[in-house]
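# below is the sequence, then the predicted model.
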Amino acid sequence: MKKILLSIFVLATFFQTFAKAETAMIGVVDGMVCMECQKKVTKELKAATGQSDVVVSWPDGVAIVNFNEATNFTEEDFKKIITQAGFKVGKVAQVEEKIQDPETGLLTLKKF
């Protein structure tokens, strides 16, 4: 019985840790005026983070990088990449959830 309980505890802890590993970094990007700007920011963030789940919207002025596991990529790294791409950066935050919609990302960012 102890082995069963221990197994359940270990599995629950593993899944809880795994579920918490999903994070997103959201940032306001000023100066994007077209699809080419959006593509440039997307390309630079993908290259810098190694993540393929990057959502950028020039009409909304937001960029989101979704991480499936823990990362060392910081808000300062995010700002540096955006600045090097030729744009200005506003507020940046990291959240404990995956975000796919730019409007949701902006609403989440307003909480910070």
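Perfect, I can see it now. Predicted model, so just to flag it, every value in this text is computed and none were measured. Residues are numbered from 1 along each chain as shown.
# got the phi/psi numbers for residue 33?
Residue 33 adopts backbone torsions of phi -120, psi 0, taken as degrees, to the nearest 10.
# quick check: it touching residue 58?
Yes. Using CB atoms under 8 Å, residue 33 is in contact with residue 58, at 6.7 Å. Where C-beta positions appear, they are placed from N, C-alpha and C, glycine not excepted.
# who has more neighbours, those two?
Legend: neighbour count by other CB atoms under 10 Å for residue 33 and residue 58, higher for residue 58 (22 against 11).
# next, count neighbours for residue 66.
19.
# and the pLDDT for it?
Residue 66 is assigned a predicted lDDT (pLDDT) of 96.
# if we ignore the residues flanking it in sequence, what's nearest it?
residue 53 (3.9 Å; CB to CB, 6 or more residues apart in numbering).
# measure residue 23 to residue 44 for me?
Distance, residue 23 to residue 44, using CB to CB, to the nearest Å: 19 Å.
# what about the protein, any weak spots by pLDDT?
Within the chain, the segments meeting pLDDT under 70 span 1-21.
# how about the strands in it?
Shown for the chain, the strands assigned by DSSP state E span residues 23-30, 54-57, 62-67, 88-95.
# mind listing what the second one pairs with, with the direction of each?
What that stands for is strand 54-57. Strand 54-57 has its sheet partners listed here by DSSP bridges as strand 62-67 (antiparallel).
# returning to what we had before: mean neighbour count, the strands of the chain: which tops it?
strand 62-67 (a mean of 24; mean count of other CB atoms under 10 Å).
# where does it sit relative to the chain's centre, distance-wise?
Strand 62-67 has its C-alpha centroid displaced from the chain centroid by 3 Å (CA atoms, centre = their mean, to the nearest Å).
# what's the answer for stretch 27-43, then?
For stretch 27-43 - counting by CA atoms, centre = their mean - the centre lies 15 Å from the chain centre.
# now do the buried residues in it.
27-29, 32, 37-38, 40-42 (16 or more other CB atoms under 10 Å).
# got the end-to-end distance for it?
15 Å (CA to CA, to the nearest Å).
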